[in-house]
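In: Predicted model follows, preceded by the sequence.
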Amino acid sequence: MEFVTIKTSDNKIYKIKYNIIKISIYLNSMISDNDFTENEIIPLLNINSKTFDLIITYCEYYENNQINEIPKPLKSHDLKLCGIGLWDIQFVENIYNTNNDFDVIFSLINAANFLNIKSLLDLMCAYIASKIKSKTPEEVRALFDIKLDDFNDEDLAELNENSSHKCE
């Protein structure tokens, strides 16, 4: 099979080389485990085209480049010092800088998890981890624009019960 047709949640159709998208364990198994033909369309009901465009960019780069495992736990808030490659750092920082919020990063985390693209999931999670590493709970709330008044008394009680930091 040379090409795969994919339809995103916002009804955009993609015809992608199989070699590019096979990094996804979910898509690869769906295609190889069934009597799948090039004429079939794979619906991705929970992934929009903006997110899928970024996934394609990632997959195209890694079609011909070695994926390096991200060391865990992160040793620093600086991804370069953690041994993460320059292309990966530029990829994720460009996403954040273009959108100026974490929504697309979190969409990519959900999509990478659903499509089972472990290296992309690890990269996005490492980026989030690097942003909160060594920050106080107040700094994390400010970073993600989380307001305590968004929580009811029951939520705050549960947070306080499960944390060494008190939410007031």
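Out: All right, it came through fine. Residues are numbered from 1 along each chain as shown.
In: and the closest residue to K135 other than its chain neighbours, what does it touch?
Out: Leaving aside its chain neighbours, K135 sits nearest to L143 (7.0 Å; criterion: C-beta to C-beta, 6 or more residues apart in numbering). Bear in mind the C-beta positions are built from the backbone N, C-alpha and C, glycine included. Contact analysis of L143 by C-beta atoms under 8 Å, 6 or more residues apart in numbering lists K131, I132, K135.
In: thought the second one was touching R141?
Out: No. Taking C-beta atoms under 8 Å as the definition, I132 is not a contact partner of R141, at 10.3 Å.
In: How about the contacts made by the spatially most central residue of the chain?
Out: Nearest to the geometric centre of the chain sits I109, at 2.5 Å (C-alpha atoms, centre = their mean). If you count contacts by C-beta under 8 Å, 6+ apart, I109 has them with L121, M124, C125, I128.
In: In helices only, show me those residues.
Out: Secondary structure from DSSP state H places L121, M124, C125, I128 of the contacts of I109 in helices.
In: What about I70, how many residues nearby?
Out: For I70, the neighbour count with other C-beta atoms under 10 Å is 21.
In: which secondary structure element contains it?
Out: Assigned by DSSP states H and E, I70 belongs to neither a helix nor a strand.
In: quick one, domains of the protein?
Out: Listed by automatic domain parsing, the domain ranges of the chain are 3-134, 136-168.
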